[in-house]
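In: Any chance you can model this:
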Amino acid sequence: MAGRDVHIPVMLDEAVEGLALRGNGRYLDGTFGRGGHASAILARLSAEGRLFLMDRDPSAIAVAEAGLATDPRVALRHDNFATMGEWPELAEGLDGILLDLGVSSPQLDDRSRGFSFMADAPLDMRMDTTRGISAAEFLAEASEFDIADVLWRFGEERFSRRIAKVIVERRATAPITRTAELAELVAGCVGRREPGKNPATRTFQALRIRVNAELDSVERGLEAALELLTIGGRLAVISFHSLEDRTVKQFIRSHEGRVQGSRRGPPTEAKLARLKSVGKAIFPSDAEVAANPRSRSAVLRVAEKLA
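Out: Predicted coordinates for the structure are as follows:
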């Protein structure tokens, strides 16, 4: 993610350092965005190194095609990083994988994409505009129960049932197709609860995650990454909200060979360790947050593939 107008890759130095780059290594940036992290990785590779780029957003792919993809060391694929295991060129293995999760600043700042409640736009929210259903289509077709469930699970919205009820009542009169309409509807339901935070924030986050199947993509992508990494290869993941970070944290822990269990029951059998955490979770510095406020919720976790 980045600040407005200028793309600022979050925790650039920390993420690149976490990959422990080798000049002749093979690396994947599964979320190209506008290429900030990818450019830094490519600059550290020798002529024998390879950089593979993926993004599900056609706009990001267009930027990559006009820029880094012209380098002979680079290969590009328009797809969700969750499908990295299906890319034949990656079958030889990777020495490092970087995932910068969530919505990007170019997506947020392009009001026509419908990610933000800050400007009126079609209620779309798809990262890949070539496939899937929009947020407006989801709200038009889903049951009241399903809408409430999405708002609760993916937005941790306390008023999920109330909002879902009003959405269903409103759509009986006319479909909800604009971001401003949805934001106004939510504000009318819950009022202004948190100072400095739009009351529609949780609803928009939840719908975006549902429309793009983001948490499912993270789970599938992490599993694929574990299989593609070579021994000693690094996985670096930047998350921007607690649901993403929890998924990443639990995935790493589940493959560290730790004994799982609770104080009330017997521990489960320890798994063979396939990953180890590299240091603790990393957060942006105060200086970075001041320069790029959107980085304030970022968390970077790094893990290394074991034998």
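
In: what pairs with whatever helix or strand Gly233 lives in, and is each one parallel or antiparallel?
Out: Secondary structure from DSSP states H and E places Gly233 in strand 229-239. Paired neighbours of strand 229-239 in the sheet (DSSP bridges): strand 94-100 (parallel), strand 299-305 (antiparallel).

In: Name the residues that touch the last one?
Out: Strand 299-305 is contacted by residues 11, 14-15, 18-19, 226, 229-240, 245, 248-249, 252, 255, 274-279, 281-283 when judged by C-beta atoms under 8 Å, 6 or more residues apart in numbering. (Each C-beta comes from the backbone N, C-alpha and C, glycine too.)

In: Same question for stretch 273-282.
Out: Against stretch 273-282 from outside (C-beta under 8 Å, 6+ apart): 11, 14, 18, 226, 234-235, 245, 249, 252, 255-257, 299-306.

In: now these: which count as buried?
Out: 11, 14, 18, 226, 234-235, 245, 249, 252, 255-256, 299-306 (16 or more other C-beta atoms under 10 Å).

In: sec struct for Ala75, please.
Out: Put simply, Ala75 is strand when judged by DSSP: H, G, I helix; E, B strand; the rest coil.

In: confidence score at it?
Out: With respect to pLDDT, Ala75 scores 98.

In: what secondary structure does the closest residue in space to it that isn't next to it in sequence sit in?
Out: Computed as C-beta to C-beta, 6 or more residues apart in numbering, the closest residue to Ala75 that is not its neighbour in sequence is Phe52, at 5.0 Å. Under three-state DSSP, Phe52 falls in the strand class.

In: Identify the residues contacting Phe52.
Out: 26-29, 74-77, 87, 89-90, 94.

In: Could you measure from it over to Ile61?
Out: Separation of Phe52 from Ile61 (C-beta to C-beta, to the nearest Å) stands at 13 Å.

In: same question, Ile282
Out: When Ile282 is compared with Ile61 (using C-beta to C-beta), they lie 29 Å apart.

In: returning to that earlier point: for the contacts of Phe52, which single residue is the most surrounded?
Out: Neighbour tally across the contacts of Phe52 (other C-beta atoms under 10 Å): the maximum, 31 neighbours, falls on Asp29.

In: Span of stretch 86-102 from start to end?
Out: 22 Å (C-alpha to C-alpha, to the nearest Å).

In: whoops, stretch 175-182 was the one
Out: Start-to-end span of stretch 175-182 (C-alpha to C-alpha) is 10 Å.

In: for stretch 173-183, same thing?
Out: Note: stretch 173-183 ends 17 Å apart using C-alpha to C-alpha.

In: Just the residues contacting it, thanks.
Out: 114, 116-117, 119-123, 136, 139-140, 167, 170, 185, 198, 200, 203-204.

In: 10 Å instead, please
Out: Residues from elsewhere that reach stretch 173-183 (C-beta atoms under 10 Å, 6 or more residues apart in numbering): 111, 113-125, 134-137, 139-140, 163, 167, 170-171, 184-185, 198-201, 203-204, 207.

In: Which of those residues fall in helices?
Out: 135-137, 139-140, 163, 167, 170-171, 184-185, 201, 203-204, 207 (DSSP state H).

In: where along this protein do the strands fall?
Out: 26-29, 50-55, 74-78, 94-100, 229-239, 275-277, 299-305 (DSSP state E).
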